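> sequence plus predicted model, see below.
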Amino acid sequence: MSTRRVLRVMRRIRHRHASDHGVVAAMIAVLCATGMFFGMGAIVIDVNQIALERAELQSGADAASWAIAVHCIDDPTKCTVAGQTATATKYTNSNIKRGVADAQFCIYTTSCSGITWGSPITCPTTTITGGTSVEVRTSTRLANGSTLLPPSFAGTLSGMTYTGQKVGACGRVAWGPVTQSKVFAMGISLCDWKRMTNNGTAFYGPVTSLLGQLGLYSVLGLPSPTASIDSAIPTVLPASVLGLPLPNCGITQLTTPRGWVWLGNNDYSSPDANCEITLKVGDLPRSFLLSGLTQGLLCANRLQQILAARQPVLIPIFDQIEQTLLSVAPTYRIAGFAPFVFTGYTSLLSGLLTGVGSFLQTGGVPSLLQSTLCGASQCIYGYFTKSLVPVDTPVFGTGPDYGATIIARTG
């Protein structure tokens with residue numbers, strides 16, 4: 001291509017670009033004159049403001065619903081709308097920048113039907129059934145009482161009639177007792193759970209030691225020990241299976257099951273390598289007469305690991321022992337599950353107290369005396385606590401709550 005021809009092409013390109021710039025400038029002038037340019041910008045600004053409002057309201061709904069659920073689990077007596085209104089207000093307002101928003105909620109086991117909600121948003125449907133749920137709906141409220149989020153820019157433009165929008169969000173959390181799980185293969189009686197938790201009201205409070213239960217302090221001439229969170233639980237003896245259980249758990253009925261026992265799977269198979277079995281409420285696992293010499297030895301290492309960790313493990317709670325007089329493998333009906341912290345145990349072979357910490361350090365009786373009383377019956381030591389188990393897809397059954405609660409966000 002010749003030099004003259006190249007120069008001619010370049011002049012043509014510059015002329016075309018100059019024309020384009022002129023068209024763009026003309027279009028901007030028309031938009032500015034008619035207000036369309038600023039109107040489009042105002043819409044973008046207001047859409048972003050609505051999105052931010054919705055995000056803050058959603059954070060408030062999520063935080064409030066979770067906090068209310070935890071408070072209800074901790075103290076069911078305060079699990080009411082009146083008892084949790086302050087919680088809903090606190091978490092809703094603290095999650096929005098201007099510090100104020102509307103919050104409505106209901107606590108239910110079936111549905112929230114019949115409530116007139118102020119929020120424009122409804123909770124999504126859920127396939128989860130059972131348990132107890134709390135549903136929190138948040139919505140816009142300004143300091144002046146208005147429920148409309150005003151426009152940031154569009155309302156100031158000539159000819160604009162948009163006055164604002166009501167924004168809302170919803171959060172829902174469900175909870176309920178653990179009714180099926182893989183658990184440590186040791187069952188503890190409902191009688192002992194009630195004794196050690198004051199019938200489910202004092203999971204961390206002082207409980208009476210074994211000597212106090214048997215009334216032996218005065219007999220031995222010893223002062224009562226300082227209150228402690230630890231307590232001894234003897235194993236289920238053959239005599240207790242036949243209707244003469246010890247200790248008395250504060251219950252006069254001799255047929256009430258009490259104590260602890262090794263348990264197997266429902267199909268009578270042994271626990272796995274972690275000394276765990278899978279059970280659900282209502283199951284009837286067996287325990288063989290010599291399980292302390294067989295299963296107890298197999299689970300000894302795992303029990304030592306649990307003692308060292310000082311973390312709660314899930315324990316099945318039994319409320320009935322079913323057997324015949326000649327049975328060597330009675331069944332134990334599972335009533336529920338509870339978190340238990342081991343602090344020690346006595347060996348069947350040596351009768352020596354192993355692993356006890358806080359029980360002896362808070363004014364308990366000497367370990368030798370404990371060993372003497374618990375050596376023959378293989379005592380375990382520890383205390384019941386409460387645990388929350390967050391899950392993605394909860395399965396709620398029926399049964400009482402013994403301190404192990406599953407919790408999940410369902411909307």
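Cool, got the structure. All figures in this text were calculated on a predicted structure; none of them were measured in a lab.

> now Glu276: closest residue in space, sequence neighbours ignored.
Once flanking residues are discounted, Glu276 sits nearest to Lys182: 5.1 Å by CB to CB, 6 or more residues apart in numbering. Every residue, glycine included, has its C-beta placed from N, CA and C.

> kindly state the pLDDT recorded for the one you found?
Turning to Lys182, the model gives it a pLDDT of 91.

> element containing it, please.
Element membership of Lys182 [criterion: DSSP states H and E] is strand 180-184.

> which secondary structure elements does the helix or strand where Met196 lies contact?
Following DSSP H and E, one finds Met196 within helix 190-197. Judged by 3 or more CB pairs under 8 Å, 6 or more residues apart in numbering; DSSP states H and E, helix 190-197 is in contact with strand 231-233, strand 313-322, strand 380-384.

> please name the strands paired to the second one in the sheet, noting orientation.
Here the strand partners of strand 313-322, with direction, are listed using DSSP bridges: strand 186-189 (parallel), strand 331-346 (antiparallel).

> about what we covered before: now do the helix holding Met196 against strand 380-384, angle only.
Interaxial angle of helix 190-197 relative to strand 380-384 (axes from the mean of the first three to the mean of the last three CA atoms, to 10 degrees): 70 degrees.

> pLDDT of helix 190-197, averaged?
86.

> buried residues, that helix. List them.
Neighbour counts using 16 or more other CB atoms under 10 Å place Leu190, Cys191, Asp192, Trp193, Lys194, Arg195, Met196, Thr197 of helix 190-197 among the buried residues.

> same thing with stretch 264-276?
Neighbour counts over stretch 264-276 (16+ other CB under 10 Å) mark Gly264, Asn265, Asn266, Ser270, Pro271, Cys275, Glu276 as buried.

> residues contacting it, please?
182-185, 277-279, 283-288, 291, 295, 298-299, 302-303, 329 (CB atoms under 8 Å, 6 or more residues apart in numbering).

> at 6 Å what do you get?
Lys182, Ala185, Ile277, Asp283, Pro285, Arg286, Cys299, Arg302 (CB atoms under 6 Å, 6 or more residues apart in numbering).

> farthest pair in those residues?
Asp283 and Arg302 (21.1 Å; CB to CB).

> show me the contacts of stretch 264-276 that map onto strands.
Lys182, Ile277 (DSSP state E).

> I'd like the contacts of stretch 264-276 as CSV, with neighbour count appended.
CSV is the format used below for the contacts of stretch 264-276 (neighbours: other CB atoms under 10 Å):
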residue, neighbour count
Lys182, 13
Ala185, 27
Ile277, 25
Asp283, 18
Pro285, 24
Arg286, 20
Cys299, 21
Arg302, 18
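
> save the contacts of stretch 264-276 as a markdown table, and put in distance to Ser113 too.
Putting those into a markdown table (distance: CB to CB, whole Å) gives the following:
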| residue | distance to Ser113 |
| --- | --- |
| Lys182 | 37 |
| Ala185 | 44 |
| Ile277 | 41 |
| Asp283 | 35 |
| Pro285 | 41 |
| Arg286 | 46 |
| Cys299 | 49 |
| Arg302 | 48 |
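
> flag the shaky bits of the stretch 1-150 of the chain, pLDDT-wise.
Within the stretch 1-150 of the chain, the ranges that satisfy pLDDT under 70 run 1-46.

> which SS state does Leu297 fall under?
Three-state call for Leu297 (DSSP: H, G, I helix; E, B strand; the rest coil): helix.

> how many neighbours does it have?
12 (other CB atoms under 10 Å).

> what do you get for Thr393?
8.

> which pLDDT value goes with it?
Per-residue pLDDT puts Thr393 at 85.

> return the distance of the closest residue in space to it that isn't next to it in sequence relative to Pro271.
Nearest residue to Thr393, sequence neighbours excluded (CB to CB, 6+ apart): Ala408, at 7.1 Å. Ala408 is 28 Å from Pro271, where distance means CB to CB, to the nearest Å.

> so what's the backbone phi/psi at Gln49?
Phi and psi for Gln49, reported as degrees, to the nearest 10, are phi -70, psi -40.

> for it, grab the count of nearby residues.
18.

> show me what the strand holding Lys182 is packed up against.
Strand 180-184 is packed against strand 276-280, strand 313-322, with contacts defined by 3 or more CB pairs under 6 Å, 6 or more residues apart in numbering; DSSP states H and E.

> name every strand pairing with it and say which way it goes.
strand 276-280 (antiparallel).

> let me know the average pLDDT across the partner strand.
In this model, strand 276-280 has an average pLDDT of 93.

> ok, Thr179 touching Gly399?
Yes - the criterion here is CB atoms under 6 Å, and Thr179 meets it with Gly399 at 5.0 Å.

> list residues touching both of those two?
Taking CB under 6 Å, 6+ apart as the contact rule, Thr179 and Gly399 both touch Val281.

> and the two? Which one has more around it.
More crowded of Thr179 and Gly399, by other CB under 10 Å: Thr179, with 23 against 19.

> per-residue confidence at the closest residue to that one other than its chain neighbours?
Counting by CB to CB, 6+ apart, the nearest residue to Thr179 once its immediate chain neighbours are dropped is Gly397, at 3.3 Å. We have a pLDDT of 83 for Gly397.

> swap in the one 10 residues further on?
Looking at Ile407, its pLDDT reads 93.

> so it bridges to which residues?
With DSSP bridges as the rule, Ile407 is bridged to Trp175, Pro390.

> next one: Ser189
Phe318.

> what sits against it?
Applying CB under 6 Å, 6+ apart, the residues contacting Ser189 are Pro257, Arg258, Gly259.

> turn these into JSON lines, columns for pLDDT and distance to Thr110.
Output for the contacts of Ser189, formatted as JSON lines (pLDDT from 0 to 100; distance: CB to CB, whole Å):
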{"residue": "Pro257", "pLDDT": "81", "distance to Thr110": "34"}
{"residue": "Arg258", "pLDDT": "78", "distance to Thr110": "37"}
{"residue": "Gly259", "pLDDT": "84", "distance to Thr110": "39"}
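
> ok, back up a step: from the buried residues of stretch 264-276, which two are the most distant?
Distances among these were taken as CB to CB; the most separated pair is Asn266 and Cys275, at 16.2 Å.
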